[in-house]
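Colleague: sequence isn't available, so here's the structure alone:
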């Protein structure tokens, strides 16, 4: 019971103190799991992150679920997951529900209007980060070709992004790896 | 039936979104706004704004709230479940297998190959947000708010939560 409580505290704290989505909570989870509660050492923790990153989907819940499972079994998995997810969803519901109640009020309408370009800037910054990552991983030429190709397929041919990404994943897996052993 | 749709709408972003929750935002938008038409771009941006102003993972906040909007408490549970479970299940079941192959170039390529597709989706969502703002705020207000919030966020490193709260306050005062 004490363990479950500690798991709850560890993931509740890192969830409530981490802004900017799951990836930004990694150092906070590290502090709890490796520092405060010593459930894992540095190497084990970085292995969890490395493996989490080879899979799709949100990283925060993969970390919480997996670490919770390793430390406290299925019950630990549920505890850590709920501690990560539930508090912020409840806050979200509370805030947006009260927002909706006054939807017709001109001040609230003013609020919703001004917020759109701000979210636009945030999304723009995130876009720029992913462009840079593309460039770093593929170089200018291939990066640009891939970006243009993806743009044509999704925005002009209107192919569902899931289909394009699924296709890319299969291609990445099947296409043989160049035999540059020295660089691997 | 609605629950099946909610499940699909959050299952797809969870399964193809490499790069953590933030990478799945444009994928969620594609399902929620473009495919199922549950809300407008403007409503989606409000939810994203409140989500960014709050701590914790973004993908589950979006799934939890949008699921609730569309299908009540059960909808919320379905949304969060389909966001979280598939990748977590894979991680626990395949841990040993992935661990053995985690340094294989093929496996490393998986998370990279998705980057350009996500970048394009994010770019198109950014465009949608500015277009929505252009229609409701006009060009000048959009440019001024965008430049100001960019400086605050990126140059003066003001916490995003404060920038969003500031934006909400400014909107309430100027249009009240």
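Modeller: Sure, I can see it. These numbers come from a predicted model, not from an experiment. Numbering: from 1, shown residues only, chains lettered A, B, ... in the order given.
Colleague: every contact and neighbour count from this point should use C-alpha atoms.
Modeller: OK.
Colleague: which residues does the residue most central in space within chain A contact?
Modeller: The residue lying closest to the centre of chain A (Cα atoms, centre = their mean) is residue A:58, at 3.8 Å. Applying Cα atoms under 8 Å, 6 or more residues apart in numbering or on different chains, one finds that residue A:58 lies in contact with A:22, B:14, B:17, B:19-22, B:24, B:57, B:59, B:83-84, B:87.
Colleague: for it, what are phi and psi?
Modeller: Note on residue A:58: its backbone torsions stand at phi -60, psi 140 [degrees, to the nearest 10].
Colleague: state the distance from it to residue B:19.
Modeller: Using Cα to Cα, to the nearest Å, residue A:58 is found at 8 Å from residue B:19.
Colleague: does the residue nearest to residue A:102 when sequence neighbours are not counted sit in a helix, a strand or a coil?
Modeller: Here the nearest residue to residue A:102 in space, its sequence neighbours aside, is residue A:108; by Cα to Cα, 6 or more residues apart in numbering or on different chains that works out to 6.5 Å. Each residue gets one of three states, and residue A:108 gets helix by DSSP: H, G, I helix; E, B strand; the rest coil.
Colleague: after the longest helix anywhere in chain B, next one along is what?
Modeller: In chain B, taking DSSP state H as the definition, the longest helix is helix B:58-101. Once the chain leaves helix B:58-101, the next helix or strand it forms, by DSSP states H and E, is helix B:105-113.
Colleague: quick one: work out the angle between that following helix and helix B:58-101.
Modeller: 160 degrees (axes from the mean of the first three to the mean of the last three Cα atoms, to 10 degrees).
Colleague: show residues contacting helix B:105-113.
Modeller: The contact list for helix B:105-113, computed with Cα under 8 Å, 6+ apart, reads A:53-56, A:134, A:137, A:168-169, A:172-173, A:177, A:184, B:18-19, B:101-102.
Colleague: same check, this time on stretch A:17-31
Modeller: Contacts with stretch A:17-31, where a contact means Cα under 8 Å, 6+ apart, come from A:10-11, A:14-15, A:45, A:58-61, B:20-22, B:52-59.
Colleague: residue closest to the middle of chain B?
Modeller: Going by Cα atoms, centre = their mean for chain B, the residue that ends up nearest the centre is residue B:25, at 2.3 Å.
Colleague: quick one: contacts for that one?
Modeller: Neighbour list for residue B:25: B:13, B:59, B:122 [criterion: Cα under 8 Å, 6+ apart].
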